[in-house]
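> Sequence plus predicted model, see below.
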Amino acid sequence: MSHPRMAGGHSSGNSSAVRALALEYKSLQEEPVEGFRVRLLSDENLFDWEVAIYGPPDTLYQAGYFKAHMRFPPDYPYSPPSLRFQTKVWHPNVYENGDLCISILHPPIDDPQSGELPCERWNPTQNVRTILLSVVSLLNEPNTSSPANVDASVMYRKWKESKGKDKEYENIIKKQVLLSKVDAEKDGVVVPLTLEDYVVKAKPPENNLELTDFYDDDYDMDNDEDDLEDDSSNEQYDDDSGNGDES
């Protein structure tokens, strides 16, 4: 199997990112985040993931199956990944092209105009698990103070202020949920409809990859070189010893 740095065009200098992603992917296989399915877009590249989000029960998104691509930078976890929905999602914090706008995915810079505190932005202690949990929270409670989709934000406010009497926002979401079921059927996925089913841990993804597939070569390289140097030194020592005996 090719390594992600070869398949994805990443240099061996990013071996720390490969190690971090491999450990996170393994952790998410063993203990999946409730309401999500995570897998690699390609078995040979750890930097591009497919995330499937199940609409939380008792919300407008119930029964929805929303797919997104998560792309990690070469210096992960020091810089945040990006998340772009492939399924149409009408939401105040999702741009028309599908890009998710959420504080946790913004670089940790001081930008007073954004209205975000540096502590709300990305930092290396965050991980995929915290991102996914933040996405669920955002579906339930959109941030309308700095919306990515102004029209969706206006509709959401009308819906909330009218206590559901203004159906424009709700009707759009329901249509998108209905359309998303087609993808779920294609992927052979049964979307949980009750809270009980939603919180049950899902089975790990089929591509159960070993960590050694990704970072053994990267992280054993120095050790291998040391072993070679030791072997070379021993051979030189043996030769010297042999020459001494002959003289």
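In hand now; what should we look at? Numbering: from 1, shown residues only.

> next structured bit after the helix or strand of the chain with the lowest mean pLDDT?
When the helices and strands of the chain are scored by mean pLDDT, DSSP states H and E, helix 4-7 comes last with a mean of 39. Of the helices and strands lying after helix 4-7 in sequence (DSSP states H and E), the nearest is helix 15-30.

> could you say what helices and strands that following helix packs with?
Other elements packing on helix 15-30 under the criterion 3 or more CB pairs under 8 Å, 6 or more residues apart in numbering; DSSP states H and E are helix 4-7, strand 36-42, strand 45-54, helix 128-140, helix 212-246. Using the backbone N, CA and C atoms, a C-beta is placed for each residue, glycine as well.

> If you compare the directions of the third one and strand 36-42, what angle comes out?
Put plainly, it is strand 45-54. Relative orientation of strand 45-54 and strand 36-42, computed by axes from the mean of the first three to the mean of the last three CA atoms, to 10 degrees: 150 degrees.

> what packs against strand 45-54?
Partner elements for strand 45-54 (3+ CB pairs under 8 Å, 6+ apart): helix 4-7, helix 15-30, strand 36-42, strand 65-71, helix 128-140.

> Mind doing that once more with 6 Å?
Strand 45-54 sits against helix 4-7, strand 36-42, strand 65-71, with contacts defined as 3 or more CB pairs under 6 Å, 6 or more residues apart in numbering; DSSP states H and E.

> Those into TSV, with extra columns for distance to Tyr78 and mean neighbour count?
TSV is the format used below for those (distance: least, CB to CB, whole Å; neighbours: other CB atoms under 10 Å):
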stretch	distance to Tyr78	mean neighbour count
helix 4-7	17	20
strand 36-42	21	18
strand 65-71	15	20
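
> pLDDT score for the closest residue to Cys101 other than its chain neighbours?
Leaving aside its sequence neighbours, Cys101 sits nearest to Ala148 (CB to CB, 6 or more residues apart in numbering; 3.9 Å). Ala148 carries a pLDDT value of 94.

> which ones are touching Ala148?
Listed by CB atoms under 6 Å, 6 or more residues apart in numbering, the contact partners of Ala148 are Asn93, Val94, Tyr95, Cys101.

> for stretch 45-64, what is the average pLDDT?
pLDDT averaged over stretch 45-64 gives 92.

> Over to stretch 72-79?
93.

> which residues are contacting it?
By CB under 6 Å, 6+ apart, stretch 72-79 touches His10, Asn14, Ala17, Ala20, Phe47, Pro81, Pro124.

> What residues sit buried inside it?
Under the neighbour-count criterion of 16 or more other CB atoms under 10 Å, stretch 72-79 has Phe72, Pro73, Pro74, Tyr76, Pro77 buried.

> ok, now how distant is Val150 from Tyr156?
Remark: distance between Val150 and Tyr156 (CB to CB, to the nearest Å) = 11 Å.

> Kindly report the same for Asn14.
Taking CB to CB, one finds Asn14 at 39 Å from Tyr156.

> who's more crowded, those two?
Tyr156 (24 against 21; other CB atoms under 10 Å).

> Could you say which helix or strand holds that one?
Per DSSP H and E: helix 150-161 holds Tyr156.

> average model confidence for the following helix or strand past that helix?
Proceeding C-terminally, helix 150-161 gives way to helix 168-186 as the next helix or strand, assigned by DSSP H and E. Mean pLDDT, computed over helix 168-186, is 94.
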